[in-house]
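In: Sequence first, predicted coordinates after that:
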Amino acid sequence: MLLAEAPVQDSRNTNVPNTDTHFVMPAYGSLQKWQVRRDFLRNQILSAAGLLPLPKRTDLRPQVFGRIDRGQYSIEKVLLETLPGYYLGGNLYRPRPSGGKHPAVLTPHGHWTYGRLENSPNFSGPALGISLAKQGYVVFAYDMVGYNDTVQTPHDFGGPHEQLWAFGPFGLQLWNSIRAVDFVSSLPDVDPEKIAVTGASGGGTQTFFLAAVDARIKYAAPVNMVSAIMQGGCVCENAPNLRIGTFNVEIASLIAPRPMLLVSATGDWTKNVPKEEFPAIQRIYGLYGQPENLEVVQFEADHNYNQQSREAVYRFFGKWILGQSDGKRFAERGIRPEKLQDMLVLHNRRVPDNAVDYKALFEEWKAASCRQAEEIRDRNFMRERLAYALMAEWPEQVNAEVKGENVVLSRPGQGDMIPGIWIQGKGPAALVVHPEGAQVARNLPAVVRIVASSRTMLLIDAFQTGSARSPRDRSHRHFLTFNKTDDANRVQDILTALCYLNAKTGGKVELIGLGKAAVWALFAAAIAPVDLKLTADLGDFKGTDEDFLSQLYVPGIQRAGGLKAALELTADRRKQP
């Protein structure tokens, strides 16, 4: 705890990052510091995706059929059951059988009209798959959610109820990608130690997120997507909590030191990559002593995954995976796309009888989440899951500006500002939080009695309460991808105040949450790593979705265990008021 001058205003109201913000890569002075950050970000991604912990890997029941033999390569249809009753469609491109094992490449697609089957100058999924197969790779091209054969949900879905359970297209696509790795790894003609991924635009987003969380990906080539000035425009790229405190350049760095090629274009948001994003990521590779494992190429073109870009990826994979540097070998030749009906998995077929609709899939997601929560016994992991959902931290340091009874708390480098009332006394210290702020709380009879007992007391105006009320622009696209909800900020303010009070008094603190603030206090107490006493009457809050939407709206909170987890973590701290 330090005495310091508080910020002039709370930056959470004035600094509202969004998908079009120009972000700057943080500097990491050592490999150890980066690895701590790397591990944190991987869990942040998984939490935002609803994949912390990963769902149970049920039987994929792969259906591989409809083989087309073109001599140098073959194409098959694939249907995978990635969740019970939920199916992912795609195509498997294979090289001419050789009796040995081949490297594999996953090719998630972007927002092209025909998805994985688009065949246009700007992107050709068939040209990508056929060319790679001719070069000796097993290639799995699979759908985004809501495209082609994967249509049990729309592509753009999810509202507040789904957000409570971290159920959305970003997480579903990331899970499909992880299961796609499971599938190709299981194939008898694939070398599971040589798996690569490449995609452009939205497929580029999937590429670097998959590589970030799945170490089985050994090589990656995200195309025309990694940028400091645009983070992705679709809901499938923007789950709540996903980029709070981070952005795509830092996320793409998580693959280091595995080989990666950044493909960029002069006509889209990757126009600065050679001079800005590439050097920033290469500094992370430099911490490992392997800066040469990152490469960059840029073409004079609009947003694309055109032939030039594809051939650059072929050369990169050829060098790193095949050990071949003859660029002429990797030119596209003799591409003959098949008819759409011969590539679509569900052409003249139905989804399997156990296939679920959107409503049933969401219900199964919730049920599976509850089953997982029941199985988690590690209290530290329970606490960690709640902290990621709230994006809350126990501060390393709290600054305080004190003037008489008035105090303003802040976390160094965060720009947050928590006004409060400080009453010096003796005996056990108390932190009081009321939904209308410190001054209203101070005049309540129960609080007046505590003051009369001469106890040390801190009353705060948690975020957007009391004197901390201030306009906040929530109109930006994908606001919750980059910014926390008001309720999540309130829980953080309570943790910051607890940290200050604990350091200042050195004794056990009583946290008193009044009215609606009782729920905020409960979740703060569940996360706080110090001994404390909690006084919080939850009233009619029973932990239903409706309760959270009205009293503690935090995306992912139900997926992280919800009320049951908070009660279990505070069982030895709670007392009735």
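Out: That came in fine, so what should we check first? All of these numbers come straight from a predicted model, not from anything done at the bench. Numbers count the residues shown, from 1 in each chain.

In: wait, what's in contact with residue 324?
Out: Neighbouring residues of residue 324 by CB atoms under 8 Å, 6 or more residues apart in numbering: residue 318. No exception for glycine: its C-beta is placed from N, CA and C like everyone else's.

In: Domain ranges for the protein, per the record?
Out: Annotated domains of the chain cover 2-18+376-575, 49-370 [automatic domain parsing].

In: Residue 30: which of those domains is closest?
Out: Nearest to residue 30 among the domains of the chain is domain 49-370; the distance by CB to CB comes to 7.2 Å.

In: what about that closest one, start to end distance?
Out: Using CA to CA, to the nearest Å, one end of domain 49-370 lies 16 Å from the other.

In: Over to stretch 223-239?
Out: For stretch 223-239, the first-to-last residue distance is 21 Å (CA to CA).

In: try stretch 80-96
Out: Terminal residues of stretch 80-96 lie 24 Å apart, using CA to CA.

In: ok, now stretch 419-438?
Out: Per CA to CA, stretch 419-438 runs 8 Å from first to last residue.

In: Out of the domains of the chain, flag the one nearest residue 37.
Out: The closest of these to residue 37 is domain 49-370. By CB to CB, the value is 8.1 Å.

In: Just the pLDDT for residue 452.
Out: For residue 452, the pLDDT comes out at 88.

In: now the one 10 residues further on
Out: Here, the pLDDT recorded for residue 462 equals 98.

In: what does residue 333 give?
Out: 89.

In: for residue 7, same thing?
Out: With respect to pLDDT, residue 7 has a value of 71.

In: right, and it touches residue 415 too?
Out: Yes: look at residue 7 against residue 415 with CB atoms under 8 Å: they come within range, at 5.3 Å.

In: Can you get me a residue count around residue 430?
Out: By other CB atoms under 10 Å, the residues close to residue 430 number 23.

In: Please apply the same query to residue 344.
Out: Residue 344: 18 neighbours (other CB under 10 Å).

In: Output the domains of the chain as JSON lines; include the columns distance to residue 40.
Out: Formatted as JSON lines, these follow (distance: least, CB to CB, whole Å):
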{"stretch": "domain 2-18+376-575", "distance to residue 40": "9"}
{"stretch": "domain 49-370", "distance to residue 40": "9"}
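
In: now for the ones you listed, which one comes closest to residue 32?
Out: domain 49-370 (9.1 Å).

In: Which one of the domains of the chain lies nearest to residue 38?
Out: When the domains of the chain are compared by CB to CB, domain 49-370 sits nearest residue 38, at 5.6 Å.

In: any low-confidence regions in the chain?
Out: Across the chain, the ranges flagged by pLDDT under 70 are 1-6, 575-577.

In: what sits against residue 22?
Out: Contacts of residue 22 by CB under 8 Å, 6+ apart are 228-229.

In: Which residue comes closest to residue 18 once chain neighbours are left out?
Out: In space, residue 18 comes closest to residue 476 once its chain neighbours are excluded; the distance is 3.7 Å by CB to CB, 6 or more residues apart in numbering.

In: Then residue 447?
Out: residue 441 (5.4 Å).

In: secondary structure class for that neighbour?
Out: Taking DSSP: H, G, I helix; E, B strand; the rest coil as the rule, one finds residue 441 in the helix state.

In: Equivalent analysis for the one 10 residues further on, please.
Out: Secondary structure assignment for residue 451 (three-state DSSP): helix.

In: okay, now it: neighbour count?
Out: Residue 451: 15 neighbours (other CB under 10 Å).

In: Okay, it and residue 459: tell me how far apart.
Out: According to CB to CB, to the nearest Å, residue 451 and residue 459 sit 10 Å apart.

In: Which residues does stretch 362-379 contact?
Out: Everything outside stretch 362-379 that qualifies as a contact, by CB under 8 Å, 6+ apart, is 50, 53, 55-56, 83-85, 162, 165, 167, 356, 382, 385, 558-559, 561-562, 564-565, 568-569.

In: and residue 187, what does it touch?
Out: Counting by CB under 8 Å, 6+ apart, residue 187 has contacts 104, 138.

In: What distance do you get for it to residue 448?
Out: To residue 448, residue 187 is 72 Å away according to CB to CB.

In: Kindly report the same for residue 180.
Out: Counting by CB to CB, the gap from residue 180 to residue 448 is 62 Å.

In: And for residue 337?
Out: Relative to residue 448, and taking CB to CB, residue 337 is found at 78 Å.

In: Mind checking which of those two has more residues around it?
Out: residue 337 (17 against 11).

In: Confirm for me that the more buried one is in contact with residue 119.
Out: Yes: shown here, residue 337 and residue 119 form a contact pair, counting by CB under 8 Å, at 4.9 Å.

In: what residues are shared contacts of those two?
Out: With CB under 8 Å, 6+ apart as the test, residue 337 and residue 119 both reach 126-127.

In: Now do the helices in the stretch 451-577 of the chain.
Out: Taking DSSP state H, counting those that start in this stretch, the helices of the stretch 451-577 of the chain run over residues 479-482, 486-505, 517-527, 545-551, 562-569.
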